[in-house]
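S.K.: 3D model of this:
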Amino acid sequence: MRILGLKSIAASLLSAFLLFSPAFPASAQTTPPSTIQAFHLVSPTAGWLLADGRLFWTTSTGSQWSEITPPASANTHIVGADLRSNGHGIAVQASPDGSTVSIARTTDSGAHWASTTLESPFSAGNPFGGHAYPTFADDQHGWLLLTLQSSSVFRLGLLFRTTNGGVTWTQLPTPPIGADLTFTDATHGFIGPGPAGDELYATSDAGQTWHTASLPSPTALSSTPSTITLPTFVDAEHGTLIRTYSTDATPTQVLYQTTDAGLTWTAASIQRTSNLIAIAANGAITAPLSITRPQADLSLSTPLIASRSSFATATNGWALFEAGNCDASQGACTQTSQLMGTLDGGNTFFALGQPSGITLQSTHSFTIPKSHTTATPFLSPSGPQPDSSVSVQGAMGFDACTLPTTAQMQTWYTSSPYRVIGAYIGGNEFACKSGLTNFTAAWTSTILGMGFEIMPIWVGPQAPGNGSKFSFLMSTDTTTAFNQGVTEADSAIAAMTDRGMGQGSSIIYDIEAYPYTVAANVAGTQAFLEGWNTELHAKGYIAGVYSSHPEFDQWTPPMLSPAIDIISFAYFFNSGVACGANCQTVFPTQSSSFDLPANYWLNHHRNRQTS
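M.R.: Numbers count the residues shown, from 1 in each chain. Sure thing, here's the model as predicted:
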């Protein structure tokens, strides 16, 4: 999740808040490049592309394109697609809030479409995350994963299955993660990665149940963060995937192979790469692909990185190259994107043809707030306060499930607009506990010394009514819930102390969306937060809450006593939606999801998570 807005100085050095407001002059931005949502080369010559909510098909390896976007109802756009080499496929269309979801089906590569409306599965407890991952094992058996909004330590989704080519769909039990998926036949499949980047789950009963797929790490890399690709299978038994270990100096890539349909995986080869990336194609690994390859049509100040790829054979494929760089002191950024093709396994690449109205190769320049902030004393409101006249400055932040190393953070500071790091300090629902290993007092001191601010985030029990998604829940008994909040506050304070952060700091509690239309759920959550707030205040800390919950007015005085001091809220713009000036609006005033009046929190003590 990327956060815009308020961040606290999370160290005993200073007990103040950094207050931010948007500062994105639209006139300084060039026309943004097209958003490439998904692509797949399904044969040596045929493939599809989803960009800016429009669907395209090619039979010439991408030199020429035909638009095959299915008809859509008002306010809907394509959020996912899957087409096969024989022309069978679907496109998932949805409104931004998920209230309308439909499945368009084709059997002739998009020349004709039929549509089925899917009853919207989204609710207050399950807000739409804006993306869909469909996949088919054959023309009849398919699966559809619809994502849910969440912070970066969760990847949540709802799973559906069809056995008649997408005409009707049945919702399956909640999967362990909400991510991309692939099936080798009508019963065996894989889903991943999860929020840490290296989780892989397998099913042998068509998605009814899932189990963790074991990917044993080489001993020397067992404690190193890593990311994986979904497996690629040449048949039902033989497949490969690539796992990349993010060491600071030279990334290490491990090729895993299976010969028993994914029951077991073994590390087949280990390759240390320097500015290289290896691509799995139909069970084989190609020659390393240079990401520093110069492109004749663009002048680049940073190397291109192959961020996504799709290969139909070991030699024929597409790769999306991207690069970006910011001079934060001047507020100037450049971002480059190129979708290109190869016929020789990545030794050389060629530019694809441009679909009508879509840009596949572009450089985009834009401005961001300059890297300066103004600290102001924190004042805890006793009730909703009028808008403050205190001057606030623009700043941007990001967080990640796995904590970046100090070397990686130095790169972020040098070449990105971000000056705040959302750092997860623990909790029993925190998915990336292995990332806490190097979260020490020394890390904190180094990061603050660079010029970053830290926003500590705690991920403990979730709100009542969420038993299908989480293992630990707040109680609906208000006394028990209050005591749970006190316990979590004490645990969070202990984690803060271990990591060199003391009194005067804020701690943000991560509460994911929940069924707030049930009174008992609301009462339990309110009681929990009162316990959390009371204990943090008593121990000299500032209490905050993150959520995609739309009813923040339930957490203000006199609804809570004491009320939460600051809020961090999700306000997503889904892929394919042109959000215009609202993209840079930290405090939305008109929203179908919720409205946050400026007088709810003093001095704009709030920040926004953007999609």
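S.K.: shaky segments in the stretch 151-300 of the chain?
M.R.: By pLDDT under 70, the low-scoring segments of the stretch 151-300 of the chain are 248-250, 271-300.
S.K.: now the chain
M.R.: 1-32, 248-250, 271-304, 328, 368-394, 550, 571-604, 611.
S.K.: before we move on, what SS does residue 326 have?
M.R.: Local secondary structure at residue 326 is given as strand here, using DSSP: H, G, I helix; E, B strand; the rest coil.
S.K.: who are the contact partners of it?
M.R.: Applying Cβ atoms under 8 Å, 6 or more residues apart in numbering, we find residue 326 in contact with 332, 333, 334, 368, 415, 416, 417. From N, CA and C alone the C-beta is placed, and that goes for glycine too.
S.K.: part of a strand, is the second one?
M.R.: So the one you mean is residue 333. Yes. Counting by three-state DSSP, residue 333 is located in a strand.
S.K.: partners of it in the sheet?
M.R.: Assessed by DSSP bridges, residue 333 has beta-bridge partners residue 326, residue 366.
S.K.: how many neighbours does it have?
M.R.: 19 (other Cβ atoms under 10 Å).
S.K.: can you verify my assumption that it contacts residue 365?
M.R.: Yes. With contacts counted by Cβ atoms under 8 Å, residue 333 reaches residue 365, the gap being 7.0 Å.
S.K.: can you give me the helices in the stretch 301-450 of the chain?
M.R.: With DSSP state H, counting those that start in this stretch, the ranges of helices along the stretch 301-450 of the chain come out as 406-415, 441-450.
S.K.: any chance of those in JSON lines, with distance to residue 119 and mean neighbour count too?
M.R.: Converted to JSON lines, those look like this (distance: least, Cβ to Cβ, whole Å; neighbours: other Cβ atoms under 10 Å):
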{"stretch": "helix 406-415", "distance to residue 119": "43", "mean neighbour count": "15"}
{"stretch": "helix 441-450", "distance to residue 119": "47", "mean neighbour count": "16"}
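S.K.: so for residue 477, which of the ones you listed sits nearest?
M.R.: The closest of the helices of the stretch 301-450 of the chain to residue 477 is helix 441-450. By Cβ to Cβ, the value is 36.7 Å.
S.K.: hang on, the earlier thing: got CSV for the helices of the stretch 301-450 of the chain, with distance to residue 469 too?
M.R.: Formatted as CSV, the entries for those read as follows, by distance: least, Cβ to Cβ, whole Å:
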stretch, distance to residue 469
helix 406-415, 30
helix 441-450, 31
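S.K.: out of those, the one nearest residue 239 is which?
M.R.: Between residue 239 and the helices of the stretch 301-450 of the chain, the shortest gap by Cβ to Cβ is with helix 406-415, which sits at 30.8 Å.
S.K.: what does that closest one rub up against?
M.R.: Residues lying outside helix 406-415 but in contact with it, judged by Cβ under 8 Å, 6+ apart, are 246, 248, 302, 324-326, 328, 398, 404, 418-419, 421, 443, 446-447, 450-452.
S.K.: of the residues you listed, grab the buried ones for PyMOL.
M.R.: Selection command for PyMOL covering only the buried members of the contacts of helix 406-415, criterion 16 or more other Cβ atoms under 10 Å:
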select buried, resi 324+326+328+398+404+418+419+421+443+446+447+452
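S.K.: and the residue lying closest to residue 125 once chain neighbours are set aside, how far from residue 469?
M.R.: Closest residue to residue 125 in three dimensions, ignoring its sequence neighbours and counting by Cβ to Cβ, 6 or more residues apart in numbering: residue 515, at 3.9 Å. When distance is defined by Cβ to Cβ, to the nearest Å, residue 515 is 11 Å away from residue 469.
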